[in-house]
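Chemist: have a look at this prediction, sequence included:
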Amino acid sequence: MGTLRRAAVAGSWYPGSAAEIAREVEGYLAVAGPVHAPGRLVALISPHAGLRYSGPVAAYGYSLLRGSSPRTVVLVGPSHRAAFDGVALYAEGSFGTPLGEAPIAEDVAEALLAAGPVIQALPSVHRDEHSLEMQLPFLQHLVPELRIVPLLMGSQSGEEVEALAAALAGALAGRDVLMVASSDLSHYHAAPVANRLDSFVVGDVERFDPETLMKRLEESHEHACGGGPMVAVMKAASSLGADHATILRYGDSGDAGERDKSRVVGYLSAALTGPGS
């Protein structure tokens with residue numbers, strides 16, 4: 001039996017009770033309304049800031065899961081608090097939030113560990129990280145019998161991205177699994193500057209062009225904190241049959257709360273889809 005990874009940011013980044021989470025998430029989903037992305041959903045790109053800031057954007061992607069059947073979701077995000085090389089997998093046990101426990105899909109985790117040395121079982125680096133936890137308010141609310149596979153990227157180097165993409169493509173082939181790349185975009189610029197910088201990343205995603213996006217990220221780290229997860233998931237999604245990207249919503253932190261547009265963080269929700277349904 002694996003260990004329980006307790007919520008690190010419940011009660012601060014998102015509400016501390018199940019009822020409050022459901023109420024806030026449903027409010028964002030109601031504003032997003034019905035969303036369409038053509039074909040079979042292979043992956044989402046979703047932001048990971050405090051729910052009041054990024055939730056209105058994330059809701060556009062997660063609205064595609066309304067009425068979802070039981071599902072396994074592979075979460076790929078950046079490590080903000082722990083420095084390491086490679087990819088850290090939480091391989092057994094569960095993640096807890098006020099909505100309950102989301103069990104690890106241990107069969108998928110084992111396949112990923114066997115897919116290549118870039119992925120290692122390193123549960124300790126997940127303890128305080130928010131980038132994956134911030135996907136759970138939507139996922140646990142919408143997906144019955146949710147199982148997750150949590151992966152955190154360390155250096156996000158080009159070599160690490162390529163190795164992770166190959167491991168995901170190999171381990172997930174033939175499985176009914178959704179991938180989610182967790183990333184915010186530019187940080188702490190005035191809104192006009194942030195929106196211009198973010199437009200390049202949004203364009204790369206919309207063209208389904210992970211190669212150009214990776215080159216952009218290698219030239220400047222200011223475009224996205226989770227650029228490596230985005231590229232790895234885009235490449236893996238392509239190998240798994242996705243051939244189309246739909247930009248569902250772009251926004252920034254100045255759209256919420258006190259509407260401060262002087263120093264904003266950019267947010268993107270996008271769907272990667274392929275033939276079928």
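Modeler: Great, that's in hand.

Chemist: and the helix or strand encompassing residue 22, what's buried?
Modeler: Using DSSP states H and E, residue 22 maps to helix 18-32. By neighbour count on 16 or more other C-beta atoms under 10 Å, the buried set for helix 18-32 is 21, 22, 24, 25, 28, 29, 32. Any C-beta I mention is one placed from the backbone N, CA and C, and that applies to glycine too.

Chemist: surely residue 233 and residue 167 touch.
Modeler: No. Here residue 233 does not reach residue 167: they are 11.8 Å apart, not a contact under C-beta atoms under 8 Å.

Chemist: more neighbours: which of those two?
Modeler: Neighbours per residue (other C-beta atoms under 10 Å) separate residue 233 from residue 167, with residue 233 holding more: 32 against 23.

Chemist: can you give me the strands for this structure?
Modeler: Residue ranges of the strands in the chain, as given by DSSP state E, are 3-5, 40-46, 72-78, 87-89, 93-97, 100-103, 119-121, 147-153, 177-182, 187-189, 244-252, 264-274.

Chemist: now do the second one against strand 244-252, angle only.
Modeler: Just to be clear, that refers to strand 40-46. Interaxial angle, strand 40-46 versus strand 244-252 (axes from the mean of the first three to the mean of the last three C-alpha atoms, to 10 degrees): 20 degrees.

Chemist: partner strands of strand 40-46, with direction?
Modeler: Paired neighbours of strand 40-46 in the sheet (DSSP bridges): strand 177-182 (parallel), strand 264-274 (antiparallel).

Chemist: how about the ones you listed, which one is nearest residue 203?
Modeler: Nearest of the strands paired with strand 40-46 to residue 203, taken as C-beta to C-beta: strand 264-274 at 11.0 Å.

Chemist: so what angle separates the directions of the closest one and helix 18-32?
Modeler: Using the same axes, to 10 degrees, strand 264-274 lies at 80 degrees relative to helix 18-32.

Chemist: the helix holding residue 22 packs against which elements?
Modeler: When contacts are defined as 3 or more C-beta pairs under 8 Å, 6 or more residues apart in numbering; DSSP states H and E, helix 18-32 packs onto helix 51-62, helix 136-142.
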